[in-house]
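Enquirer: please find the sequence and the predicted model below.
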Amino acid sequence: MSLSRALPGAPDPTLDLGGRTALVTGAAGGIGRACALRLAAAGAKVRAVDRDDAGLAALAEAAAGLPGTVEPRLLDLTDLDAAEHAAAGTDVLVNNAGLQLVRPIEEFPPDVFHTVLTVMLEAPFRLIRGALPHMYGQGWGRIVNVSSVHGLRASAYKSAYVAAKHGMEGLSKTAALEGAAHGVTSNCVNPGYVRTPLVERQLADQAKAHGIPEERVLTEVLLQDSALKRLIEPEEVAEAVAYLCGPRASFMTGTSLVLDGGWTAH
Ligand code: NAD
């Protein structure tokens, strides 16, 4: 049991997204960054959407030399009209951007609840809405929604996040039913705790607050319900996203690809 990095298998070298345009939200960091790099490695032209300018610049630098391209798009997803507009003409849409606030319902600020639902549910709806005309027109499209174990299970003190992720599961299934006749699939990817800056910061904060080493926070708090006692790496989530965009997943739609180390087996 440790915080050491797992070694994900090599990316599927057969995935070819050459000629495809992909849009990834929340691409400046964590899972979104890994997804943008993975899709560009498969040859896609990636529109990398985020509100973090510096993170986008670093991503573009990291993507130099890949077969595909990464084109930074500075955008705050609370601007819903701009989000819908940005998705026009994309073949692959990865709804990934998210935020979290941990607070009991009676203390949860209503404006934060509204923002979480806007960024994590309404913006994905608007992005899908913006992407579908082009996807339907060509008879092919891939929508991948980065959900969470919290799209399937609740945890206390995460009302907005859990509500948004459960809503995303429903949105994804509905898009799958409507898109099927047009060659468009829609699926969720549901990770447990991923090694992202957000979670690493949480580990350090929890360790400090509890006066215990980070390893104990990991096992006793975050990984309590996970059978596999490690964090999942962003690259592992990105590979699942890439799989859903490839030909091997062409019959998968309206479902959730769960990468939770056994959490939901309970
Ligand atoms: P992160 O905080 O590292 O990255 C999220 C990105 O979204 C950031 O770059 C941020 O700038 C961007 N973003 C947030 N609000 C935005 C807005 N209004 N407009 C534009 N961009 C915005 O988080 P992450 O851990 O990589 O999470 C990515 C997704 O994965 C989220 O949907 C999250 O719910 C989901 N997820 C994360 C974990 C985990 O343990 N980290 C587990 C399951 C699911």
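Expert: Right, received. Where do you want to start? Residues are numbered from 1 along each chain as shown.

Enquirer: state the mean pLDDT of the one helix or strand residue 34 maps to.
Expert: Here residue 34, judged by DSSP states H and E, is contained in helix 30-41. Across helix 30-41, pLDDT averages out at 98.

Enquirer: return the alpha-carbon coordinates of the very next helix or strand once past it using PDB.
Expert: Per DSSP H and E, the first helix or strand lying C-terminal to helix 30-41 is strand 45-50. C-alpha atoms of strand 45-50 as PDB (Å, rounded to 0.1, in the frame of the first residue of the first chain):
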ATOM      1  CA  LYS A  45      -6.800  17.400 -33.600                       C
ATOM      2  CA  VAL A  46      -7.800  18.300 -30.000                       C
ATOM      3  CA  ARG A  47      -9.600  21.400 -28.900                       C
ATOM      4  CA  ALA A  48      -8.400  21.800 -25.400                       C
ATOM      5  CA  VAL A  49     -11.000  23.800 -23.400                       C
ATOM      6  CA  ASP A  50     -10.300  25.200 -19.900                       C
END
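
Enquirer: point to the helix or strand of this structure where mean pLDDT is at its lowest.
Expert: Using mean pLDDT, DSSP states H and E, the weakest-scoring helix or strand in the chain turns out to be helix 197-210, at a mean of 72.

Enquirer: after that one, next one along is what?
Expert: With secondary structure assigned by DSSP H and E, helix 197-210 is succeeded by helix 214-217.

Enquirer: can I get that following helix in PDB, CA atoms only?
Expert: Extracted in PDB, the C-alpha atoms of helix 214-217 (Å, rounded to 0.1, in the frame of the first residue of the first chain):
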ATOM      1  CA  GLU A 214      -0.600  10.500   4.000                       C
ATOM      2  CA  GLU A 215      -0.600   6.700   3.600                       C
ATOM      3  CA  ARG A 216      -3.200   6.400   6.300                       C
ATOM      4  CA  VAL A 217      -5.400   9.000   4.800                       C
END
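
Enquirer: ok, and what's touching the helix or strand following it?
Expert: Proceeding N to C from helix 214-217, the next assigned helix or strand is helix 234-245, under DSSP H and E. With contacts defined as CB atoms under 8 Å, 6 or more residues apart in numbering, helix 234-245 is touched by 6, 8-9, 11-12, 15, 17, 20, 22, 30-31, 33-35, 37-39, 42, 92, 94, 142, 144, 146, 185, 187, 189, 191, 194-196, 249, 252, 257, 259. Quick note: C-beta positions are derived from backbone N, CA and C, even for glycine.
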